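Colleague: when you get a sec, could you give me coordinates for this:
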Amino acid sequence: EAQLVESGGGLVQAGGSLRLSCAVAGFTIVDYGIGWFRQAPGKGREAVACINNSGGGSLYANSLKGRFTDSSNIAKNTVYLQMNSLKPEDTAVYYCARGAWNCAGGLNEGEYDVWGLGTRVTVSS
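Modeller: All right, here's what the predicted structure looks like:
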């Protein structure tokens, strides 16, 4: 059974950093893109990134390029989202999800079929 488990959220001051983890079971991160999405209080879910371990490049929402980066540990079947220069508007529940190989589905939420339960990030001003 495919499962994704997020961790690493917490409370951080504006300007700080956090690294989120998405541990995957039931499939390998080389065969699928791993998306990151977030949902702020009272708002809809928005795309953050698709992490690509299939040879192509990862994709990022334009507004987050430069502040957020990614890495992966293939042996641990885990992807990471490094978030720097955090702002209060980054406050949200962050989810990882299974997407298409090579992030072929882009950042379209409908292209992701298995989701984790999320990890909460709170950025204080």
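Colleague: how far away is Asn53 from Val12?
Modeller: 27 Å (CB to CB, to the nearest Å). Where you see a C-beta, it was placed from the backbone N, CA and C, and this is true even at glycine.
Colleague: more neighbours: which of the two?
Modeller: Asn53 (23 against 17; other CB atoms under 10 Å).
Colleague: that one touches Ile74, doesn't it?
Modeller: Yes. Here Asn53 reaches Ile74: they are 6.6 Å apart, a contact under CB atoms under 8 Å.
Colleague: got any residues that touch both of those two?
Modeller: Both Asn53 and Ile74 are contacted by 29-30, under the criterion CB atoms under 8 Å, 6 or more residues apart in numbering.
Colleague: pLDDT score for the spatially most central residue of the chain?
Modeller: The centroid of the chain falls nearest to Trp36 when counting by CA atoms, centre = their mean (2.6 Å). Looking at Trp36, its pLDDT stands at 98.
Colleague: and the one 3 residues further on, by the same measure?
Modeller: In this prediction, Gln39 carries a pLDDT score of 98.
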